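Asker: Next input, structure requested:
(chains A and B)
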Amino acid sequence: MTVRVRFAPSPTGPLHIGGARTALFNYLFARREGGTFILRLEDTDVARSTIEYEHDVLENLHWLGIDWDEGPGLAGQPGRGSFGPYRQMERLDRYNAAIERLMSEDKAYPCYCTPDELSADREVQQAANQPVRYVGRCASLSADDRRAHESAGRRPAVRFRIGQETIVIDDLVRGRVEIDTSALGGDLVIARSDGSPLYHFSVVVDDIDMRISHVIRGEEHLSNTPKHVLLFGALGADVPAFAHLPLILNPDRTKMSKRKSQTAVTDYRAQGFVHEALVNYFALLGWSSGTEEEIFSLDELAERFDLSRVQSAGAVFDRERLEWLNGQWIRRLPEEELVDRALPFLQAEIESARAAGVHARIPTADDLRPLIPMVRERIPTLDAVGSMLDYLFLDDVRPDLQLLTPKRWDEATTCQALSEAREVIAQVGEVSFEADELEGPLRLLAERHGWKAGDLFMAIRVAATGRTATPPLFDTLVALGYQRTLDRLGRAAARLTG
RNA sequence: GCCCCCAUCGUCUAGAGGCCUAGGACGCCACCCUUUCAAGGUGGAGAUCAGGGGUUCGAAUCCCCUUGGGGGCACCA
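Answerer: Now for the predicted structure:
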C-alpha cells in the first residue's frame, strides 16, 4: 500500500507547537514507511488567513527540517507534486463539482435558514438541556418552497444529509471507536451561502483527490471523524486509516493555547532554541522509543518512529525539559555551526546596547569562534551568548560598587586588591598574557595578603566584565585583551577610591 | 446538556498477566569537581500504578463501575 500522508494547516496564525508536532509525526511516518508527505494549505477561512501566516508556517516547517514531497513552494518558489493545487482556495472548482454531485444524488440539499434562525434553535435546545442539532427545517423543501426563498433573496448554504447509523473507526493509536451519527448535530453544512466550502467537506474532497492513505492529526478531530467517514462514503471513496494524536496541554492540562503558553515556533526560535532540540522534544511528546535513549536526531527518529508507540493520553508541555534538550543539542553542534547560529544573538545584544547609547563594536564570526569553547557548556539557549559575552565588545563596563566588592571585603580592600592585581598582571606582561600564566601569580598575591583566592578572582571578574557569572576568569581576561584588562581594573580601583 | 477520548513519581515516560521491592529522563535536594556560572559525576527524596469491584494460582497490565480530567458538538479550522 502506498503511504501518502499530509499536514494541512490553516494560515490563520503562526505555526504553533501542536501543528509542528502533528507535521512531524506525519513526516516521520512517511519517511519510515517510504511514503509521501504532503503539505496542504487550508485557507478557505478568507477572513482570518493571511500571506504572512502562510510564510510563517512554511518557513518554520522548513527550518525544523520537516520538508514536504508535495505542496506549495517556499518563498515564492513553484510548488511540487502532481496532485495539486495545494491551496484550497485554488481548488474551489473541485469542491463545487463534489457539491453538485451530492446535490444531484440528494445526499445534500440547499438550506435557507438564516444565522438568526439557527442560533434561536440552538438557544431553545440548550435551554431545554437537549443536544444541539440542526432541526431539519430545510431538509425536505419542495421546489416551490425553494423558489420562494430564492425570490426573497436568500442565498442557500448546502447541507449534507446525516442518517442514523453507528460509525466504527479503527484508530491506529486508540483502537476501535464507535460513534452514533445521531450525536453529530444533524445535517452538516458543507458550503456557505457564498458557495465556499467548509472544513469538514474540503478536507475530505482533498484527501480523496490527493489519495491520502493515513490521516494523522490531533485528538480534537476524533469526535468529528464520523462526519468525514460519511462524506468519504457519499463521494464513493475508500476511507483512509486514522491516527489521532494526544493533545499537547497547558500546565493546567487544558488544550495548549496561546493564552496560557508560548505556542509559536517562531518565538522559541527567536529565543535561541535549536531546531534539533525542538524536533527531538516534539517527538517525545506523545511518543517514546521504548528504550532509555532520548536524544534523537530527525534521521534517527525517522528510523525508529512507530504509530503503535504513540501515547493516547495528553501531554503537558514542559519548557524545562525542552531547555535541557536544547543544551544537549547545543553541546553536540559542530563549532562552526554554533558560531553561525549564535552570532546573530550576540550581535543583537550588542546592537541593543548601542541603541541604548553604549559604545560598542559589533562582533564578527571571527570574534566569536575562539570564544565558543568557553560558552558552549554554559548556554541553555543561543540567546544566552549575549549576557555571556557582551562585555567583551562594549567599550567599558561600570559595575556598581556594591557588586564590585566581595561580600567579605570592604571597599578599601577591594580597591587595594584590584590595584595590586593590576600590577601583577602588568608584570606578567603582554607577551605572556595567557590563562596559564595568570593564575599562579594571582593566587600568590591572594596568599600574601591572606585573601581567599575566590574573593580576589570575583573582584577581578566584576571589574573586568561587570558580571558575577562569566566563563572561566583567566580565559575571559585573555579574550578581553591585555590592555583592556589593565584599563578596566585600573578604572574600577579608581572608582573605589574616589 | 449530549457524544467521544483519557487515567503509572510535580512533568515526559518504560511497562503488552509472573522479570515490578514499578525502571529511565526533566525538575528538586545533597555530595564530588570547582575562581563565579555552567557542564559533568555520584547519591537521595519523589508513584499504596485515580478509587472500588471482578477475572486469574497470580494484575500497573484484562473486564465492569465510580470518580477525575480533557476534547468535540458553528455558514472556524
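
Asker: mind checking how far A:Ala365 is from A:Ala270?
Answerer: Separation of A:Ala365 from A:Ala270 (C-beta to C-beta, to the nearest Å): 20 Å. Yep, even glycine has a C-beta here, placed from its N, CA and C like the rest.

Asker: Quick one: name the residues of the stretch 51-200 of chain A near RNA strand B.
Answerer: The stretch 51-200 of chain A comes close to RNA strand B at residues A:111-115, A:118, A:122, A:129-134, A:156-157, A:174-175, A:177-180, A:183-185, A:189, A:192-194, A:198-200, as judged by C-beta under 7 Å from any atom of the strand.

Asker: do that again at 6 Å, thanks
Answerer: Proximity of the stretch 51-200 of chain A to RNA strand B, by C-beta under 6 Å from any atom of the strand, involves residues A:113-115, A:118, A:129, A:131-132, A:157, A:174, A:177, A:179, A:183, A:185, A:189, A:192-193, A:198-199.

Asker: List buried members of the residues you listed by neighbour count.
Answerer: Those of those that meet the buried threshold are A:Cys113, A:Leu118, A:Ala157, A:Arg174, A:Val177, A:Ile179, A:Gly185, A:Val189, A:Ser193, A:Leu198, A:Tyr199, by 16 or more other C-beta atoms under 10 Å.

Asker: Surely the first one touches A:Arg137?
Answerer: Yes: A contact is recorded between A:Cys113 and A:Arg137 when judged using C-beta atoms under 8 Å, the distance being 5.7 Å.

Asker: Select the longest helix from chain A.
Answerer: Taking DSSP state H as the criterion, chain A has its longest helix at helix A:335-355.

Asker: Does anything pack onto the following helix or strand past that helix? Which helices or strands?
Answerer: Next in sequence after helix A:335-355, counting helices and strands by DSSP states H and E, comes helix A:365-368. Packed against helix A:365-368 by the contact rule (3 or more C-beta pairs under 8 Å, 6 or more residues apart in numbering; DSSP states H and E) you find helix A:335-355.

Asker: by contact count, what packs against the helix it packs on?
Answerer: The contact analysis (3+ C-beta pairs under 8 Å, 6+ apart) places helix A:335-355 against helix A:365-368, helix A:372-375, helix A:385-389.

Asker: tell me the most buried of those helices?
Answerer: Compared across these, helix A:385-389 shows the largest average neighbour count, a mean of 22 (mean count of other C-beta atoms under 10 Å).

Asker: can I get the helices and strands packed on helix A:335-355 in JSON lines with distance to A:Ala459?
Answerer: Output for the helices and strands packed on helix A:335-355, formatted as JSON lines (distance: least, C-beta to C-beta, whole Å):
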{"stretch": "helix A:365-368", "distance to A:Ala459": "26"}
{"stretch": "helix A:372-375", "distance to A:Ala459": "20"}
{"stretch": "helix A:385-389", "distance to A:Ala459": "20"}
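
Asker: Format the ones you listed as CSV; extra columns: mean pLDDT.
Answerer: Output for the helices and strands packed on helix A:335-355, formatted as CSV (pLDDT from 0 to 100):
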stretch, mean pLDDT
helix A:365-368, 97
helix A:372-375, 96
helix A:385-389, 96
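
Asker: Contacts for the helix or strand containing A:Phe474, please.
Answerer: Assessed by DSSP H and E, A:Phe474 sits inside helix A:473-480. The contact list for helix A:473-480 (C-beta atoms under 8 Å, 6 or more residues apart in numbering) reads A:370-371, A:374, A:391-392, A:425, A:433-436, A:438-439, A:457, A:460-461, A:464-465, A:470, A:485, A:488.

Asker: if I look at the spatially most central residue of chain A, how far off is RNA strand B?
Answerer: By C-alpha atoms, centre = their mean, chain A has its centre lying nearest to A:Val265, at 2.3 Å. In this structure, A:Val265 and RNA strand B are 16 Å apart, going by C-beta to the nearest atom of the strand, to the nearest Å.

Asker: residues contacting that residue?
Answerer: Neighbours of A:Val265 in contact, by C-beta under 8 Å, 6+ apart: A:Pro14, A:Leu15, A:His16, A:Ile17, A:Ala20, A:Asn60, A:Trp63, A:Leu64, A:Leu278.

Asker: Contacts only, for A:Phe242.
Answerer: Contacts for A:Phe242 were tallied using C-beta under 8 Å, 6+ apart; they are A:Ile169, A:Asp170, A:Asp171, A:Leu172, A:His214, A:Val215, A:Ile216, A:Thr225.

Asker: of the residues you listed, buried ones?
Answerer: Applying 16+ other C-beta under 10 Å to these, the neighbour count classes A:Ile169, A:Asp171, A:Leu172, A:His214, A:Val215, A:Ile216, A:Thr225 as buried.

Asker: Helices along the stretch 351-498 of chain A, start to end?
Answerer: A:365-368, A:372-375, A:385-389, A:401-404, A:411-428, A:435-449, A:453-465, A:473-480, A:482-497 (DSSP state H, counting those that start in this stretch).

Asker: Throw those helices into a markdown table and include distance to RNA strand B, thanks.
Answerer: Listed next are the helices of the stretch 351-498 of chain A as a markdown table, based on distance: least, C-beta to the nearest atom of the strand, whole Å:
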| stretch | distance to RNA strand B |
| --- | --- |
| helix A:365-368 | 17 |
| helix A:372-375 | 8 |
| helix A:385-389 | 8 |
| helix A:401-404 | 11 |
| helix A:411-428 | 13 |
| helix A:435-449 | 7 |
| helix A:453-465 | 4 |
| helix A:473-480 | 4 |
| helix A:482-497 | 14 |
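
Asker: The stretch 51-200 of chain A: strands as residue ranges?
Answerer: Along the stretch 51-200 of chain A, the segments classed as strands by DSSP state E, counting those that start in this stretch run A:108-111, A:157-160, A:166-171, A:175-180, A:188-191.

Asker: so can I have CSV of these showing distance to A:Thr44?
Answerer: Formatted as CSV, the strands of the stretch 51-200 of chain A follow (distance: least, C-beta to C-beta, whole Å):
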stretch, distance to A:Thr44
strand A:108-111, 17
strand A:157-160, 14
strand A:166-171, 25
strand A:175-180, 25
strand A:188-191, 10
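
Asker: Turn those into JSON lines, including mean pLDDT.
Answerer: Below are these laid out as JSON lines (pLDDT from 0 to 100):
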{"stretch": "strand A:108-111", "mean pLDDT": "95"}
{"stretch": "strand A:157-160", "mean pLDDT": "96"}
{"stretch": "strand A:166-171", "mean pLDDT": "94"}
{"stretch": "strand A:175-180", "mean pLDDT": "93"}
{"stretch": "strand A:188-191", "mean pLDDT": "96"}
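
Asker: Helices of the stretch 51-200 of chain A, start to end?
Answerer: For the stretch 51-200 of chain A, the helices defined by DSSP H, counting those that start in this stretch occupy A:51-64, A:92-104, A:115-127, A:143-151, A:199-209.

Asker: Quickly, which of those bottoms out on average pLDDT?
Answerer: Comparing mean pLDDT across those, the weakest is helix A:115-127, with a mean of 88.
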